[in-house]
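>>> give me the fold of what follows.
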Amino acid sequence: QVQLQESGPGMVKPSQTLSLTCTVSSGSITTTDYAWTWIRQPPGKGLEWMGAIAYDGSTYYNPSLKSRTSISREASKRQFSLQLFSVTPEDTAVYYCARIDFFDFDSWGQGTQVTVSS
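Sure, this is the predicted structure:
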């Protein structure tokens with residue numbers, strides 16, 4: 001079964017860029033079967049979908065975050081990445097990467113805590 005693992009700094013200062021990478025354990029992230037996505041959960045709140053990258057590199061973003069978000073990939077490394085620009089303390093959350101199989105988020109990373117604080 002495929003495994004996903006998030007990596008990146010656990011703390012970011014306000015106004016800086018949050019950068020996370022998700023490494024996929026096996027298979028190809030360019031197969032037409034799947035898309036790859038980022039989700040976050042702020043403390044005490046529900047899950048928030050941030051965006052996704054499809055097999056062909058097309059990207060899709062939550063409209064509320066679109067102006068501050070970029071998702072990219074390095075297929076040869078089986079990695080896809082999230083950048084969130086101009087962060088504020090409200091961006092403090094557990095960040096998850098996941099695989100989408102025809103609208104089903106069927107595999108998730110364990111999540112990584114990111115705190116925005118000066």
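>>> for this protein, just list every one of the strands.
Counting by DSSP state E, the chain has strands at residues 4-7, 11-12, 18-24, 35-41, 48-53, 59-61, 69-74, 79-84, 93-101, 104-108, 112-116.
>>> who is the residue most central in space within the chain paired with across the strands?
The chain has Trp38 as the residue nearest its centroid, 2.8 Å off, counting by Cα atoms, centre = their mean. Beta-bridge partners for Trp38, by DSSP bridges, are Gly51, Cys97.
>>> would you turn the strands of the chain into a markdown table with mean pLDDT?
Converted to a markdown table, the strands of the chain look like this (pLDDT from 0 to 100):
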| stretch | mean pLDDT |
| --- | --- |
| strand 4-7 | 98 |
| strand 11-12 | 98 |
| strand 18-24 | 98 |
| strand 35-41 | 98 |
| strand 48-53 | 98 |
| strand 59-61 | 97 |
| strand 69-74 | 97 |
| strand 79-84 | 98 |
| strand 93-101 | 97 |
| strand 104-108 | 94 |
| strand 112-116 | 98 |
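>>> what separates the closest residue to Leu18 other than its chain neighbours from Ser70, distance-wise?
With sequence-adjacent residues excluded and distances taken as Cβ to Cβ, 6 or more residues apart in numbering, Leu18 is closest to Leu84, at 4.2 Å. Quick note: C-beta positions are derived from backbone N, CA and C, even for glycine. For Leu84, the distance to Ser70 equals 8 Å [Cβ to Cβ, to the nearest Å].
>>> who has more neighbours, these two?
Leu84 (25 against 15; other Cβ atoms under 10 Å).
>>> who's in contact with Thr59?
51-53, 70-72 (Cβ atoms under 8 Å, 6 or more residues apart in numbering).
>>> what is the nearest of those to Gly27?
Ile53 (15.1 Å; Cβ to Cβ).
>>> correct me, but that closest one touches Ser72?
Yes: the criterion here is Cβ atoms under 8 Å, and Ile53 meets it with Ser72 at 7.2 Å.
>>> out of the two, which sits in the more crowded spot?
Between Ile53 and Ser72, Ile53 has the larger neighbour count (other Cβ under 10 Å), namely 22 against 13.
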